[in-house]
Every structure is written in C-alpha cells, then in structure tokens.
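In: Structure for this input, please:
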Amino acid sequence: MGTPILQVKTIHVSSVILAAKSSFFLKLFSNGMKESGQTQATVRIADSEENAFMELLGFMYSGKLTPTEPTLLLDILMAADKFEVVSCMKLCGQRLIDLPMNLESAVRCLDLPCCISMAAALQEAAQKFFAESERFQDELMRIPFLGIMAILTRNDLEVASEVAAYDFVIRWACSWYPNSEESRRILSSFLIPTVSIHKANTLLSDFIQSMKSILKQ
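Out: Residues are numbered from 1 along each chain as shown. This next block holds a predicted model:
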C-alpha cells in the first residue's frame, strides 16, 4: 500500500466569520495560531470530506444550506460536528427529519454517534422507516453484512413482528451466502445472536433442516 498523496489547497476566509460560527475555528484562530507562530491556519480533511466541508464553509458565510440530498446532508452533519458548527448541525438534522428517508440514509442514521446533535431523533426516524419498510424488502436484501448488523444490533429497533424479522434474516443469509455451511456460520455466529434467545435455537434448527431438504432434492 503506497503512501497517501496529500493535496494542499489554499482558501481565503474571514477568521472573524468562521470564529463566530465555529468553536473549533475560534480556538484555532485565538490560541492555536498564536502559540505556533503560524500566519496561516491548516485544516486536514479526507478527500471524501471535501464537498461537505465546502458546503459547511458556505453555510458559515451565508447561513443557508442548499443541498437536499440525504447522503450529502449526513456528510455535512458529520463535518459540522467535527468543526463544532452547532447551528449547521441543527439545520442538517431538522432537514433530514423533514425529508423522506431512503435506505442508505436510514442505515447511516442508525450508526450516528450519540454525541451528535439530533442523533436520537434521526435514529428514531430511521427506526420508523425500517419498521414500515415491508415494501422496501427488495432494497433491504441488497444491504451488505455490515449494514444488516448495524440494523439488527439496535436494541430499540422496532419491527412489525419477530416472525417477520426471522424470515428476513434467513432469506438475507441465503441470498448473500448460497453455500449452506457459510449461511449457517453467518446466522449462528452473527445474525441469530441479535434476536431473542428463546427462539434462536429453534430458528437455527429449522434452517438446517430446510437446507438439508433442499440439498436432497
């Protein structure tokens, strides 16, 4: 694996405006630069954060947030949390709650750190999305392993019924892992432990018997 290539971009900003909107920049401009003797502030971000960071800068200047796409709004929310722009965090959170959830945004909302402003409200909205998402089951089947685990390990996730949850888990495992032994391993080691214990053994036993019947055909 090669050494990451760093790109340096110079952006002319008003330290007064940024410090007024961001505790991060207030500390950077008032203490950090003086202590280091620097005349320019340096902020390091990943390539994937650049679009969200530029939108955040625009918000700090104008007080307006133009994006309406949930995924980008979540990126901006994370950037606003990183740079301590509370007003932007609140606006992003409110806009995400007002917008219809989609599959990707719902999964990401469930995985938000609890320290983020409005995380609880966004997670509640995501839980509601999945609780009412029978018509989205085809989309849910396309979620990879880590996404499914993020959903199932939510202690307060609401589902229509336990039976529906079990049925979905089995169908998902069979779809992603056609090999019966691999499906069994994924179910027994990861997925089934996330559901209630008193039904887990029965579910696994039924699954094994079903797979044996299929293999005999």
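In: Next one: the closest residue to residue 49 other than its chain neighbours from residue 92, what distance?
Out: Closest residue to residue 49 apart from its sequence neighbours, by C-beta to C-beta, 6 or more residues apart in numbering: residue 79 at 6.1 Å. Just so you know, the C-beta spots here come from the backbone N, C-alpha and C atoms, and that holds for glycine as well. Distance from residue 79 to residue 92, counting by C-beta to C-beta, to the nearest Å: 9 Å.
In: Which of the two has more residues huddled nearby?
Out: Remark: of residue 79 and residue 92, residue 92 carries more neighbours, 31 against 24, as counted by other C-beta atoms under 10 Å.
In: quick one: what helix or strand has that one in it?
Out: Taking DSSP states H and E as the definition, residue 92 sits inside helix 86-98.
In: Any buried residues in the next helix or strand after that helix, and which?
Out: Next helix or strand after helix 86-98 toward the C-terminus (DSSP H and E): helix 103-110. In terms of neighbour count (16 or more other C-beta atoms under 10 Å), helix 103-110 has its buried residues at 103, 105, 106, 107, 108, 109, 110.
In: What of stretch 48-55?
Out: Residues of stretch 48-55 classed as buried by neighbour count (16+ other C-beta under 10 Å): 49, 52, 53, 55.
In: contacting residues around it?
Out: Applying C-beta atoms under 8 Å, 6 or more residues apart in numbering, the set of residues contacting stretch 48-55 from outside is 43, 45, 65, 66, 67, 72, 75, 76, 78, 79, 83.
In: and if you look at stretch 88-98?
Out: Stretch 88-98 is contacted by residues 21, 56, 59-60, 65, 68, 70, 73-74, 76-77, 80-81, 105, 109, 116-118, 121-122, 125 when judged by C-beta under 8 Å, 6+ apart.
In: Return the subset of these lying in strands.
Out: In this view, the contacts of stretch 88-98 have no member that belongs to strands under DSSP state E.
In: Pull out the buried residues from these.
Out: 21, 56, 59-60, 65, 70, 73-74, 76-77, 80-81, 105, 109, 116-118, 122, 125.
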